[in-house]
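*Asks:* Pasting a predicted model and its sequence here:
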Amino acid sequence: MLRFEPLAAGVNTRADALFVLGFPPASRPDTKTLNARFRQLATVHHPDGEHGCHHRMRQLNAAMALLRSAPNFY
């Protein structure tokens, strides 16, 4: 999934972060998989790109920050 609807309330939970990155809520992707998905989505949604979206890119960054900040989050 390369497209997602931005969450109105932002990325606040692990489930939100996984949704933004295109994973099912109960999944446990490893670091390599998370980073690869982030890079793939960032390529599509980066504001400087043809189909870029600042709001989606901001939520992608928030999702990765949330997943990286909590131990055992992924």
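*Replies:* Structure received. Numbering: from 1, shown residues only.
*Asks:* in stretch 45-65, what counts as buried?
*Replies:* Within stretch 45-65, the residues that count as buried by 16 or more other C-beta atoms under 10 Å are 45-46, 53, 56-57, 59-60, 62-64. For the C-beta atoms, the positions are set from N, CA and C on the backbone; glycine is no exception.
*Asks:* List the contacts of the residue of the chain most remote from its centre.
*Replies:* The outermost residue of the chain relative to its centre, with distances by C-alpha atoms, centre = their mean, is residue 50 at 19.4 Å. Contacts for residue 50 were tallied using C-beta atoms under 8 Å, 6 or more residues apart in numbering; there are none.
*Asks:* Can you list the low-confidence ranges for this structure?
*Replies:* Along the chain, the model assigns pLDDT under 70 to residues 1-3, 71-74.
*Asks:* Please, where are all the helices along it?
*Replies:* Defined through DSSP state H, the helices belonging to the chain, from first to last, are 14-20, 31-45, 54-69.
*Asks:* What distance do you get for residue 69 to residue 53?
*Replies:* For residue 69, the distance to residue 53 equals 24 Å [C-beta to C-beta, to the nearest Å].
*Asks:* Over to residue 40?
*Replies:* Residue 40 sits 15 Å away from residue 53, going by C-beta to C-beta.
*Asks:* ok, residue 36 to residue 7 distance?
*Replies:* 22 Å.
*Asks:* Alright, I will stop here.
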